[in-house]
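Participant: I'd like to go over a predicted model; first the sequence, then the structure.
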Amino acid sequence: MIAALILSGYAALVALAAPVLLRRYWPADRLPRLTLALLPVLTCSFLVAAVTSGLAVAVTLLSGLSELDPALDACVDQLPLADTPTGALLGRLALAVSAGLVLRTLYCLVTTFATARRRQAGHARMLRMLAVRDERLGVLVLDHPAPACYCLPGGDIVITSGALSRLDGPQLEAVLQHERAHLSGRHHLIIALATAVRRTVPRVRLLSYAEAETRRLVELIADDAAVARTGARTVVAALAAIGTGHAEPPEATLGIGSSPLLTRVQRLLGLDRALSRRGRIASRAAVGVLALLPVLLLTISARSLLRECPPDPDDAGRPGAAVVRVVTR
Ligand SMILES: [Zn+2]
C-alpha cells in the first residue's frame, strides 16, 4: 500500500502543482527547447504513476496476484482488508482503472496520429490540384490573396501568393527558415503526441497545459531558428506581414502565424535579455532532477512492494509463528 500511496501522491502532485509552478516560476520563453523536453517527462510520468499506483493496489489486494510473490503475500496477510470482499472489490476496481487507462492511452495515440495523417493526406491531395511548385524556392505556391505560410509533415512548405507579394527577400527567407525548423524538429509529431496524451484523461490541468505549451513553444523554437539566419527584426517584420492577414493555416499543419503574434514579437525584441549561465545550468539541473524523480519513485515503490515484511505483532506471541512464516515463504 506504501507503493500505491507514493505513486498516486506523485501523480496528484504533478497534475495539480506542475502547471501552476511552471507558469509562475519557469522561464519557458527563454528555454523553449528545454521546456519542450520537460513537458512529456511530466505528462508521461503522470500517466505511468497513475497506472502503476492502480496496479500496486491490485497486486496487494487481489489474492491471485499477491500470491505470485511470497514476501508480498506474507505482508498482505497483515493488512486489515486482506481476504475480505471489500479488499477484493477495491483490487478489481484498481486493476480495471489501470487497464482502462492503458487501453485509453493506446486508443488516443492511434486515433490522434491516424486523424492527423488522414487530414494531412487530404490536404496534400488538394494541394496537388491547386498549388504550383516553385522550384527556385522549393515550395508550393497557392494562389490566394490572404498571406499565409505553413508546412506539411511530408516536407512540403506551402506559401500563398498573398504572402509572396507582401514579403521582401530577407523576410521570405525568415518565413521559410521558420517552416524548415518545424520540419527538421518533427514538430508535427511532438504536437500530435501532446494532443494524444491530453485526450487520455479529460480535464487534467497538467495535460491541457502541456498541449497548449507544446503548440506555443514549437513556434518559439522555429522563430529562434529564423532569427539565427536572418536576425530578430527581419523575423518581426515577417510576422507582422503574415500575421496581419487573416488566413488560418489548415488543421494538422504548422503555420508561421498560428500562435499569438504579439507575445512572440515582444519576446523576439527582448531576446538579448537571455538567461544567465548560472540560470541555464540551474534550469538543466532542475529538468534532470524532474526526469529522474519518477524513476526513483518507481524503484522505491517496487522495493517497498517486495520488501521483507516486518513481523506481525499479532503473531509474535503465538507459539510456532516463526516456523509458519518460514514455511509460507
Ligand atoms: Zn510556425
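Facilitator: Here it is on my side, so go on. In this text, all values refer to a predicted model and were calculated from it rather than measured experimentally.

Participant: dump the residue contacts of Thr195.
Facilitator: Contacts here follow CB atoms under 8 Å, 6 or more residues apart in numbering; on that basis Thr195 touches 112, 211. Placement of C-beta: from N, CA and C, glycine included.

Participant: helices along the stretch 151-300 of the chain, start to end?
Facilitator: Under the criterion DSSP state H, counting those that start in this stretch, the stretch 151-300 of the chain carries helices at the ranges 161-166, 169-184, 187-200, 205-230, 232-243, 261-269, 277-305.

Participant: and the second one with helix 205-230, angle?
Facilitator: Interaxial angle, helix 169-184 versus helix 205-230 (axes from the mean of the first three to the mean of the last three CA atoms, to 10 degrees): 140 degrees.

Participant: so how far is helix 169-184 off the chain centroid?
Facilitator: 25 Å (CA atoms, centre = their mean, to the nearest Å).

Participant: what comes up buried for stretch 210-220?
Facilitator: Of all the residues in stretch 210-220, those buried under the rule 16 or more other CB atoms under 10 Å are 210-211, 213-220.

Participant: for Thr35, which non-adjacent residue is closest in space?
Facilitator: Distances taken as CB to CB, 6 or more residues apart in numbering place Ala28 nearest to Thr35, at 4.3 Å, with adjacent residues excluded.

Participant: tell me if I am right that that neighbour is in a strand.
Facilitator: No - per DSSP: H, G, I helix; E, B strand; the rest coil, Ala28 lies outside any strand segment and is coil.

Participant: all strands of the stretch 51-200 of the chain, in order?
Facilitator: In chain order, the stretch 51-200 of the chain shows strands spanning 132-134, 139-142, 149-151, 157-160, with DSSP state E, counting those that start in this stretch as the criterion.

Participant: and the ones you listed: which comes nearest Leu90?
Facilitator: strand 149-151 (49.9 Å; CB to CB).

Participant: note down every partner strand of that closest one and its orientation.
Facilitator: Partner strands and pairing direction for strand 149-151 (DSSP bridges) are strand 157-160 (antiparallel), strand 254-255 (antiparallel).
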